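> sequence and predicted model, in that order:
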Amino acid sequence: MLTESEMNRSIVLLSDPNKITRQKALQSLCNDLKSSLSTTNESDDHLKPPSDIIESILKILSDQAEKNRDLALTYISMYITKYCTDESGIDRVLQSIIPALVQRLGMNDIIEPSEEIRLKSVSILFELCRIYPNGNKLALYLNEWVTILKRTIVDPYPEVRKLSCELTSKLAAKCHEKFHLMSESFVKPIIETMKHQHAKIRVEAINALGNVVRYGNNKSVEESVSPLAQRFFDHTSTVRLAVINVVGIWMLELRDRYSYFHMMLPLLLTGYTDEIEEIREAADSLWWDVGLKYEKENEEDLKDQINFPHSPKKYPPNLTRPNIGCRELVKRNLIRILPAIRNDLTDWVVSGRIKAAQLLAILTWQAEETITQHLEDTLQVCSKAIVDDEIIVRQQVNQSLIYIGYFVPIKTWFNLLRPHFEQTSSLGLLRLIAPLLTGVTWDELIESQTILDQLLATILKAEYTDNFQLPIQSELLRICRLLIDKCQQQLEPYAYQIFKCVLSLLSIVENDELRQQCKQTLEDLALKTFQSSSVNDLHEKFAHQLFDDLKQTSNDWLRSTRDRFIFETFIMQAGASNQRFLKDIVDILRTIMNPDRDPEVRNQCLLIIANLLQFIDEPDSNIETTSITPHLIVLINECILPNMQWKAGRTAGAIRATAIATLWSLFQANSFSFEQCSSSTNEILLSVLGMLDDDDRLTRMNSCYVLQALFSNDDAIRTIDNDRLHKAYPDLIKRLDDVSDDIRLAVCSTLNAYVQAFHGDFTVELYRAHLEDIAKVLLIHMDDQNNQIQNAVFDTIIQFATKLQGASESFINETRNVKHKHRNQNLCDTLIARIEQSK
């Protein structure tokens, strides 16, 4: 404990030129004051420092020695704690310390180089502000406070920034009556500090800005809104929560809040879509309080709504309806908010588009039917945003449209969209329909029959149903599924249009997942609309109506025509049910299988006929297979045979290959009967013989199979005389020279059937020269290097020699004549022996 003389001596030594001496004097004073602070009893006999000691200590703040400046601030801090217990004491200290700290901290350039000393200086100011009870007197130094804090708020040392922001908040609250005179000076430095890399500093800066605007000039809201909005992109949740709290307090307590609701409202509502639940709950709670206060303040204007509340007939599920004040606030400010949102939705910055889309969803929910006044512009920008590359943007715009569908009548929004659909057929427009329909009830759809007709006509136009883009296909199917789920049995009058749309999609879709969804949609249509578990019931119900539509366009079908795809898909999907409407199918096939029509279309339809034959063979208890035969005759005469005629070119060759393969499939069908097709047998024979020389190997092979089947059937042979059969042998024998051994083997089997096809009135004398020619050719090939060919030709010769009456001698003689030329003469001997044995 210092005596009076020791204390006075230490005070005098504070001005000594030697820094060590000054430091010892400061240390002595600090130790004395520290021991005084540690004394807890009331009988404190420590000597009180003279009243002018603070002025002496403050001179040390410009000391070159950092240790001395630090001790000086330490002494001042302890002095404030010990002796500034009343207003007059604090005032005396303030009068001295404020000017000194302005010199050290408030200059344009940093005078105080030490970060710790700057922090201690701001801490002393903070303590003085905290303990000073009279805010009006504190405001007397407002200019000095502003001068200091403008610099320390942007101080390089983070802790100084943080404490300066806290001090600014406290100063604004203490001097609220006069603070508005100088508050604007704080806004720019605080906004700069809001960008600091430390999250805690950003939080304090936001809180400081909130208090500066709250107790200061409310015009600063205009300058502050944009920087606060940027903080919603902050990765730290506490920063975003601070923004929500600040804006919420502004909307509750700002004097001029009514002038700035349109600026603050979007910020608060943005909190509804934050990923952190705490922030969402804070935003909801503050917004509810804002609405209640607005409702109370405007009770006279809102008395009708309060006394006679109007509840909408339908409301989005899982949502709590906002109070009247919230809804009225959104209603009155919507016109000033929506243009900015529409602009941001088309901005190039992804994060901005996401926030704008999220805010639009919240506003459309809170605005309810008020959104109708701004619907046209909103729908127009939604049509662009709903095809955004970012899935979050698309999801939020989709949610906005769902809310619109709940609150706006279908007639209103559809009449706004229809002119746009007439002008263009974009994906964006199409994507508007499904979410808008989500909020429409089935009875509204059925009651708005004209609207539903026009809606289906709009979305089912060729520009959409013929489109090969996967997004458009998916969206069309989504609309169809939605209508099926909503309308159920009431959709029956429009079921054919839905059926045709899904069938059209199924005919061109390339994505496997979407194809399965199309099939599932048809099953849902059958089950929910017609209470049928089988899709075949749909095929049977709509087949004739569909084929009537297809017949009207069949004359103009090309390879890319949608109706052709629908026709093919229907046949493939209908399966065995095709038997019930074969006449319609054949009528269309007769039209499009004309040889003058598009080759690719004809080729595809030949494949359809082949598939159709497989379906015909499937058992169906409700139809007799005998009724199929007349249609098959038409298929042969008017669809298959005309396309087997030789024409130059690869395309024609491909069609011939498909035609002969289809004919071969026809012959294998269980429902096919040669007896019923007897009138066409000769034409079939001539056409197929002409195809044995075709360049395509598979065509030649199928020709052999067809001829073998023809020669093996008694009903077919009965219509062909022996003379016509004889004229066929040169074409058959020639195939033994084919480059393919498989075809040579096949033609041997065909020749075996050919021999047995001759009638009983065969006269050997009349055809002896033919038989000798056949024998010579067959014997040449019996000497082939391939053992399989040798054996096959051997069996064929046996058939000719034994099955044709009187032909054995001709074959024996020819065999003996060439035996010496054969590499396997034993085979010739065996042949002769077998023939003689069979006589």
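Perfect, I can see it now.

> tell me the buried residues in the helix or strand containing L612?
For L612, the host element (DSSP states H and E) is helix 599-617. Using 16 or more other C-beta atoms under 10 Å as the test for burial, helix 599-617 gives 599, 601-606, 608-613, 615-617. C-beta: built from backbone N, CA, C; applies to glycine.

> over to stretch 254-266?
Within stretch 254-266, the residues scored as buried using 16+ other C-beta under 10 Å are L254, R257, Y260, F261, H262, M263, M264, L265, P266.

> can you check stretch 280-294 too?
In stretch 280-294, counting by 16+ other C-beta under 10 Å, buried: A282, A283, D284, L286, W287, D289, V290, G291, Y294.

> just the C-alphas of it, formatted as CSV.
C-alpha atoms of stretch 280-294 as CSV (Å, rounded to 0.1, in the frame of the first residue of the first chain):
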residue,chain,number,x,y,z
ARG,A,280,-37.3,-22.5,-39.9
GLU,A,281,-39.0,-22.5,-36.5
ALA,A,282,-37.6,-19.0,-35.7
ALA,A,283,-38.8,-17.6,-39.0
ASP,A,284,-42.2,-19.1,-38.5
SER,A,285,-42.5,-17.8,-34.9
LEU,A,286,-41.4,-14.3,-35.8
TRP,A,287,-43.6,-14.1,-38.9
TRP,A,288,-46.6,-15.2,-36.8
ASP,A,289,-45.9,-12.5,-34.3
VAL,A,290,-45.5,-9.9,-37.0
GLY,A,291,-48.9,-10.9,-38.4
LEU,A,292,-50.5,-10.7,-35.0
LYS,A,293,-49.1,-7.2,-34.4
TYR,A,294,-50.1,-6.0,-37.8
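
> show me how far that stretch is from its chain's centre.
34 Å (C-alpha atoms, centre = their mean, to the nearest Å).

> how close does the residue nearest the centre of the chain get to N343?
Residue closest to the mean C-alpha point of the chain, counted by C-alpha atoms, centre = their mean, is I391 at 6.2 Å. According to C-beta to C-beta, to the nearest Å, I391 and N343 sit 22 Å apart.

> next: T662.
On the measure of C-beta to C-beta, T662 and N343 end up 62 Å apart.

> pick out whichever of those two has more residues nearby.
T662 (26 against 12; other C-beta atoms under 10 Å).

> quick one: that one and L606 touch, right?
Yes: at 4.8 Å, T662 counts as touching L606 under the criterion of C-beta atoms under 8 Å.

> rewinding a little: which helices and strands does the next helix or strand after the helix holding L612 pack with?
In the C-terminal direction, the helix or strand that comes right after helix 599-617 (DSSP H and E) is helix 629-634. For helix 629-634, the packing partners by 3 or more C-beta pairs under 8 Å, 6 or more residues apart in numbering; DSSP states H and E come out as helix 582-592.

> what comes into contact with stretch 542-559?
495-496, 499-500, 503, 561, 563-564, 566-567, 570, 574, 577, 580-581, 584-585, 587-588, 591-592, 597-598, 600-601, 604 (C-beta atoms under 8 Å, 6 or more residues apart in numbering).

> can you tell me the element the nearest residue to L319 once chain neighbours are set aside falls in?
Leaving aside its sequence neighbours, L319 sits nearest to W365 (C-beta to C-beta, 6 or more residues apart in numbering; 6.6 Å). Here W365 sits within helix 350-367, counting by DSSP H and E.

> convert that helix to PDB, retaining C-alpha atoms only.
Only the C-alpha atoms of helix 350-367 are listed here, as PDB (Å, rounded to 0.1, in the frame of the first residue of the first chain):
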ATOM      1  CA  VAL A 350     -27.500 -20.500 -59.500                       C
ATOM      2  CA  SER A 351     -27.700 -19.700 -55.800                       C
ATOM      3  CA  GLY A 352     -29.800 -16.600 -56.600                       C
ATOM      4  CA  ARG A 353     -32.200 -18.700 -58.700                       C
ATOM      5  CA  ILE A 354     -32.600 -21.200 -55.900                       C
ATOM      6  CA  LYS A 355     -33.400 -18.600 -53.300                       C
ATOM      7  CA  ALA A 356     -35.900 -16.900 -55.700                       C
ATOM      8  CA  ALA A 357     -37.700 -20.100 -56.400                       C
ATOM      9  CA  GLN A 358     -37.900 -21.000 -52.700                       C
ATOM     10  CA  LEU A 359     -39.300 -17.600 -51.900                       C
ATOM     11  CA  LEU A 360     -41.800 -17.800 -54.700                       C
ATOM     12  CA  ALA A 361     -43.100 -21.000 -53.300                       C
ATOM     13  CA  ILE A 362     -43.600 -19.400 -49.800                       C
ATOM     14  CA  LEU A 363     -45.300 -16.300 -51.300                       C
ATOM     15  CA  THR A 364     -47.800 -18.300 -53.400                       C
ATOM     16  CA  TRP A 365     -48.700 -20.200 -50.300                       C
ATOM     17  CA  GLN A 366     -49.200 -17.200 -48.100                       C
ATOM     18  CA  ALA A 367     -50.800 -15.000 -50.900                       C
END
